[in-house]
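Engineer: Fold the following, please.
(3 chains)
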Amino acid sequence: MSGLLRAGAAELAGRIATGEVSAREVTAAHLDQIAGVDDRIKAFLYVDGTRALAAADAVDAKRAAGEELGPLAGVPLAMKDIFTMKGAPTTCGSRILEGWVPPYNSTITDKLLAAGVVVLGKTNMDEFAMGSSTENSGFFTTHNPWDNSKIPGGSGGGSAAALASFEAPLAIGTDTGGSIRQPASVTGTVGVKPTYGATSRYGVVAMASSLDTPGPCARTVLDAALLHQVIAGWDPRDATSINAPVPDVVAAARHADVAGMKIGVVREFGGDGYAPGVEQRFAEALAVLEGLGAEVVEVSCPHFDYALGAYYLIMPSEVSSNLARFDAMRYGLRVGDDGVNSVEEVMNLTRGAGFGAEAKRRIIIGTYALSSGYYDAYYGSAQKVRTLITRDFDAAFAQVDVLVSPTTPTTAFTIGERADDPLAMYKADLCTIPSNLAGNCAASIPCGLADGLPVGFQVMAPALADDRLYRVGAALEAELTSRWGGGLLDQLAESPSGAYLNVGGVR
Amino acid sequence: MSSAVVDFDDALAAFDPVLGLEVHVELNTASKMFCGCSTAFGAEPNTHTCPVCLGLPGSLPVVNAKAIESAIRIGLALNCKIADWCRFARKNYFYPDMTKDFQISQYDEPIAFDGWVDIDVDGETFRIEIERAHMEEDAGKLLHLGGTTGRIGDAEYSLLDYNRAGTPLIEIVTKTISGTGAKAPQVAKAYVSFLRDLMLSLGVSDARMEQASLRCDANVSLMPKDTTKLGLRTETKNVNSLRSVERALHHEICRQAAVLSSGGLVQQETRHWHEDGGYTTPGRLKSDAEDYRYFPEPDLVPVAPSREWVEELRATLPELPNLRKLRLQGDWGFTDLELQDVVNAGALDVIGATVAAGASPQTARKWWLTELARRANEAGVELFELAITPAQVAEVQGLVDAGTVNDKLARQVIEGVLAGEGTPAEVVARRNLAVVSDSGELAAAVDRAIAANPDVAIRIRDGHLQAAGTLIGAVMKEMRGQADAAAVRDLVLAKLA
Amino acid sequence: MALTPADVARLGELARVRLTEEELVHLAPQLDVILASVARVAEVAGADVPPTSHALPLTNVFREDVVTESLAADAVLAGAPSVEDGRFRVPRILGEEA
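Structural biologist: Numbers count the residues shown, from 1 in each chain, chains lettered A, B, ... in the order given. Presented below is the predicted three-dimensional model:
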């Protein structure tokens, strides 16, 4: 069974396709793993074993009938609880949506189901994707498999933790300011934010509409590429969706050759506030890429210093508007309807009770930033900074093929450590935010450990050049895997601290 | 319930009314503004809804191309400039009929702006400047229950049907309209009527006020005659017919004048028009001015109509009302005054349709401006709302031309049709209104009249032909009007003269 | 430009989020700190810089005016807190219709 859990998506799909193992066996193994370790990890909000096994059986039936299976057929996946799926509750980590069962599938859900991917369940997240630690979930906190006293990152901590604890070989999340990449970085997994518009937002509960990007999460770069291929593509139901072919990310992941590529190190991402271990692992990864034939240069993107500020104006503004619909009228929580209270009062009471502290903070900031008299100074100015950041990227990409940085300034911090210090929490997104503002693509690849905790290496590429992420990521991964004698998570699996995961001893 | 008012003429002696009109047009697209749900009227509640128009978490809007087309055509017909590039914006406010608690609308970038239309009232032309025409989505329908009035004020709870939510609307806003003087209420009515005709001729809306596919909010303030300082304005809603537009403004002018004349201040507020009582009442005072926190809609990309496309659409415009009026005047041979009367009575379309159905322009004009106008007035409805169609009016005239009925009987036929007794031919049959054409029967009646009035007969024999009138009258009376008076006269004279 | 608890309460009402006394007291200084740090953006946002509302330069994305299937009424009403006569039932409304 450990073999099935340690195998990646590509390997599992291959073994299912040949009939060596059944999809049911694979799904059952992962359901057992969840049953075994999720009490400690708490990655999942909802698991539907019956539905998952039925989906697996359908893949087996297809194979038995001689039908062709897609490249990920029968592979289990953990779905961030922000994607709608008919018949399964979607909470977005919030009490205000507790119990809501959507009557429709997101486009990505439809694509996954059509590909034969087996959705195991919905994973925990910061409430409405607001946070960098999953501590803002209205239900419970998820624990980092590397050290259960640490955060798994956020907002997609559940998905990342599910991968790192071998509960699933694939996961999907959304990245608005780093919510896929930062959890990937602190859990030693791979997380990709595709180009904005490359993946459909239809059926993905909106946080900040102009920034939200659904993306693939996995333990290897190739697995992420396979998943990227399945979920990306134009959607007529999303007006901001790009009508262009998906770049061949799978080929790029297999190509994995950086010889002759120019790599730009963003000068503004480093120094004060960055943990020494993180900077060291980052420098070492750069050396690896140089050794593989890439040319590394330093690049300055001066307006990146204003990115955090712009983000924390644009995002809450859009959030305050997107979250207005949770008003107790048509679905979700309703508080205070005693036959006397007015509808205004019921809305007030419901939202006061249903939203957590971070959600309220951002709603208030956003309401303020959009208020008459303040629009120009806040939201209006932030939209201008966005232009300046995009120009910085354009200038940089005129010189280099990709930009790189540490994914986040530190390794996983302790649960509770930053809960009362919003600004400190926000700084976890320093390196990831600029790509959301400009809309280009970026990924986090594991590049080592510092003080026993994973460090992530961020690669950024121009919009629509998502293949470059996989090319660089795969090259780095291959070399590091070779040096380590396995992936970063293999180290966790084989270590005493990872013994509770019960996946050791398979090599 | 009603407030103090001063006499309209007195009000106009002291103040100049300044108007602002906002008209919402519900487009007749098959599907909604941002989703494919049907816009068809009358479906069971909440059966024409989907994740998008319900604003379910995760849903996204996609713009209806036909709505853009209609918006541009409306803008062109209003002589507006069409934006090269514009965006949708979110208007954020909480209300149960708004599924997202924001409305997707347009803020500082409307698709059409800076236009004008010319409105004729009693021979005077007023140029109404159009500030903008923009696109937005409609809200769901609220039913207020538990109270006695069905209105929001005393309701215990409300019920929501979202079938209408997401229907495309075009909002047309005028710049302030001044210089209308005492004609202000009529100008407003004529403007709304004009818009209605325009929407119908463009084919973009049913434009029925009673079905709320054409809605008017009327703003008015009074400027004291000795100043140029604009007064505070009120916005009057629930103006559900053309008549109401005129009546509501008339009333508001009188009411505001009363407030100002007694030294008070007009409250800048929304008022609700009560058609039955003929007065307005204040809406709820809002605790703080509504801050809609507009920002560009991030889920939609900008709309940038190419100039080629705009010109293509311009070529699809029907003959615009002003030009049509002039052409019809030429075709029909009406004098300026006659045309004026027609326009004032709002009879241009119905006369046109009656002529198209075969009546002569003059007879069509006669019927619509006399008999039918009188009946419309009595019933308190517009000409087009009467229960008789232009084709039927033409049919009635046809009966007169054929000698089947005379003018007087024709009026009874019209009465019958309006009463729902059937088509003109059916009414004639049912009520037995046909003129008697049997000359034998007529001759017998004439003989009886002569016998009953011997002295009159003698006078006629003596050459006083006008005395025939008495005998004709007697015959007509006996025939209950169902005779051709000229034929009767001929018979009388033939027998006596 | 310090935000007082009263300012925060007013914003809460505008956003229809009822905040407790404790929350108001706790939030105001936190928001202040955040706003001060983000206000820096105004430094570089010159008048000559155009704003970006969309990452990608897409325009004119439309759909044809074609009717597509709606949800069945029971699916629509399924998650509703209160239903009557096939409609969503909501408490009495104080504010006038906009």
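Engineer: Scan chain C for its longest strand.
Structural biologist: Assignment by DSSP state E gives strand C:87-91 as the longest strand of chain C.
Engineer: Name the surrounding residues that touch it.
Structural biologist: The set of residues external to strand C:87-91 that reach it, using C-beta atoms under 8 Å, 6 or more residues apart in numbering or on different chains, is A:329-330, A:337, A:339, A:341-343, A:345-346, B:45-46, B:96, B:143, B:157-162, C:77, C:80, C:82-83. The C-beta positions use only the backbone N, C-alpha and C, and glycine is treated the same way.
Engineer: ok, now stretch B:269-276?
Structural biologist: For stretch B:269-276, the surrounding residues in contact (C-beta under 8 Å, 6+ apart) are B:1, B:234-241, B:243-244, B:247-248, B:251-252, B:279-283, B:285, C:96.
Engineer: Swap in 6 Å and give it another go.
Structural biologist: B:234-239, B:244, B:248, B:280-283 (C-beta atoms under 6 Å, 6 or more residues apart in numbering or on different chains).
Engineer: Could you list the low-pLDDT ranges of the chain?
Structural biologist: Using chain A. For chain A, the stretches flagged by pLDDT under 70 are A:1, A:506-507.
Engineer: that's the other chain; I wanted chain C
Structural biologist: Scanning chain C with the threshold set as pLDDT under 70 gives C:1, C:96-98.
Engineer: any chance you could map the helices in it?
Structural biologist: Taking DSSP state H, the helices of chain C run over residues C:5-14, C:21-38, C:41-44, C:73-77.
Engineer: can I get those in JSON lines with distance to B:Gly115?
Structural biologist: JSON lines is the format used below for the helices of chain C (distance: least, C-beta to C-beta, whole Å):
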{"stretch": "helix C:5-14", "distance to B:Gly115": "34"}
{"stretch": "helix C:21-38", "distance to B:Gly115": "41"}
{"stretch": "helix C:41-44", "distance to B:Gly115": "37"}
{"stretch": "helix C:73-77", "distance to B:Gly115": "40"}
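Engineer: Show me what residue of chain B gets nearest to chain C.
Structural biologist: Closest contact between chain B and chain C, by C-beta to the nearest C-beta, is at B:Gly36 (3.1 Å).
Engineer: any chance of the helices of chain C in a markdown table, with mean neighbour count and distance to A:Pro183 too?
Structural biologist: What follows is these, written out as a markdown table (neighbours: other C-beta atoms under 10 Å in any protein chain shown; distance: least, C-beta to C-beta, whole Å):
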| stretch | mean neighbour count | distance to A:Pro183 |
| --- | --- | --- |
| helix C:5-14 | 19 | 31 |
| helix C:21-38 | 17 | 23 |
| helix C:41-44 | 19 | 27 |
| helix C:73-77 | 19 | 34 |
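Engineer: Export the ones you listed as JSON lines, with columns for distance to chain B.
Structural biologist: Converted to JSON lines, the helices of chain C look like this (distance: least, C-beta to the nearest C-beta, whole Å):
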{"stretch": "helix C:5-14", "distance to chain B": "6"}
{"stretch": "helix C:21-38", "distance to chain B": "16"}
{"stretch": "helix C:41-44", "distance to chain B": "16"}
{"stretch": "helix C:73-77", "distance to chain B": "5"}
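Engineer: and of those, who's closest to A:Tyr426?
Structural biologist: Among the helices of chain C, the nearest to A:Tyr426 by C-beta to C-beta is helix C:21-38 (7.9 Å).
Engineer: Minimum distance to B:Ser178: which of the helices of chain C has it?
Structural biologist: Of the helices of chain C, nearest to B:Ser178 by C-beta to C-beta is helix C:5-14, at 34.9 Å.
Engineer: Please export the C-alpha coordinates of the closest one as PDB.
Structural biologist: The C-alpha coordinates for helix C:5-14 follow below in PDB (Å, rounded to 0.1, in the frame of the first residue of the first chain):
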ATOM      1  CA  PRO C   5     -14.100  52.700  16.400                       C
ATOM      2  CA  ALA C   6     -17.000  54.800  15.300                       C
ATOM      3  CA  ASP C   7     -15.600  55.000  11.800                       C
ATOM      4  CA  VAL C   8     -15.200  51.300  11.800                       C
ATOM      5  CA  ALA C   9     -18.800  50.800  13.100                       C
ATOM      6  CA  ARG C  10     -20.100  53.000  10.300                       C
ATOM      7  CA  LEU C  11     -18.100  51.000   7.700                       C
ATOM      8  CA  GLY C  12     -19.500  47.900   9.300                       C
ATOM      9  CA  GLU C  13     -23.100  49.100   8.800                       C
ATOM     10  CA  LEU C  14     -22.300  50.000   5.100                       C
END
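Engineer: how long is stretch A:206-220 end to end?
Structural biologist: Terminal residues of stretch A:206-220 are spaced 28 Å apart (C-alpha to C-alpha, to the nearest Å).
Engineer: Contacts for that stretch next, please.
Structural biologist: Contacts with stretch A:206-220, where a contact means C-beta under 6 Å, 6+ apart, come from A:8, A:108, A:128-129, A:159, A:163, A:170-171, A:173-176, A:180, A:189-194, A:196, A:199, A:201, A:204, A:224, A:227-228, A:315, A:318-319, A:322, A:436, A:489, B:298-299.
Engineer: So which of the residues you listed sit within helices?
Structural biologist: A:108, A:159, A:163, A:224, A:227-228, A:315, A:318-319, A:322, A:436, A:489.
Engineer: Grab the nearest non-local neighbour of the one residue sitting closest to the centre of chain C.
Structural biologist: Central residue of chain C (C-alpha atoms, centre = their mean): C:Ala15, 6.7 Å from the mean position. Of all residues not flanking C:Ala15 in the chain, A:Thr367 sits nearest, at 4.5 Å (C-beta to C-beta, 6 or more residues apart in numbering or on different chains).
Engineer: and that neighbour, how many neighbours does it have?
Structural biologist: When neighbours are defined as other C-beta atoms under 10 Å in any protein chain shown, A:Thr367 has 28 of them.
Engineer: So it sits against C:Leu11, correct?
Structural biologist: Yes - in this structure, A:Thr367 is within contact of C:Leu11 by C-beta atoms under 6 Å, at 5.0 Å.
Engineer: tell me the secondary structure for A:Trp471?
Structural biologist: You called it Trp, but residue A:471 is Arg. With DSSP: H, G, I helix; E, B strand; the rest coil as the basis, the three-state label of A:Arg471 is helix.
Engineer: need the residues of the stretch 1-150 of chain A near chain C, please.
Structural biologist: When proximity is defined as C-beta under 6 Å from any C-beta of the partner chain, the stretch 1-150 of chain A approaches chain C at A:100, A:103.
Engineer: For the stretch 1-150 of chain A, which segments count as strands?
Structural biologist: A:44-47, A:76-80, A:118-123 (DSSP state E, counting those that start in this stretch).
Engineer: winner for burial among those?
Structural biologist: strand A:76-80 (a mean of 31; mean count of other C-beta atoms under 10 Å in any protein chain shown).
Engineer: touching chain B at all, it?
Structural biologist: No - judged by C-beta under 6 Å from any C-beta, strand A:76-80 stays clear of chain B, getting no closer than 12.3 Å.
Engineer: Each with direction, which strands does that strand pair with?
Structural biologist: If you go by DSSP bridges, strand A:76-80 pairs up with strand A:118-123 (parallel), strand A:170-175 (parallel).
Engineer: so the residue nearest to the centre of chain C sits right up against A:Ile363, yeah?
Structural biologist: Yes - using C-beta under 6 Å, C:Ala15 makes contact with A:Ile363 at a distance of 5.2 Å.
Engineer: Put the alpha carbons of stretch B:445-458 into CSV.
Structural biologist: Provided in CSV are the C-alpha atoms of stretch B:445-458 (Å, rounded to 0.1, in the frame of the first residue of the first chain):
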residue,chain,number,x,y,z
ALA,B,445,-92.1,55.6,-43.4
VAL,B,446,-92.0,58.9,-45.5
ASP,B,447,-95.8,58.5,-46.2
ARG,B,448,-96.5,58.0,-42.5
ALA,B,449,-94.5,61.2,-41.7
ILE,B,450,-96.3,63.2,-44.3
ALA,B,451,-99.7,61.9,-43.0
ALA,B,452,-98.7,62.9,-39.5
ASN,B,453,-97.6,66.4,-40.4
PRO,B,454,-100.0,67.7,-43.0
ASP,B,455,-99.2,71.4,-42.4
VAL,B,456,-95.5,70.8,-42.9
ALA,B,457,-96.3,68.9,-46.1
ILE,B,458,-98.3,71.9,-47.4
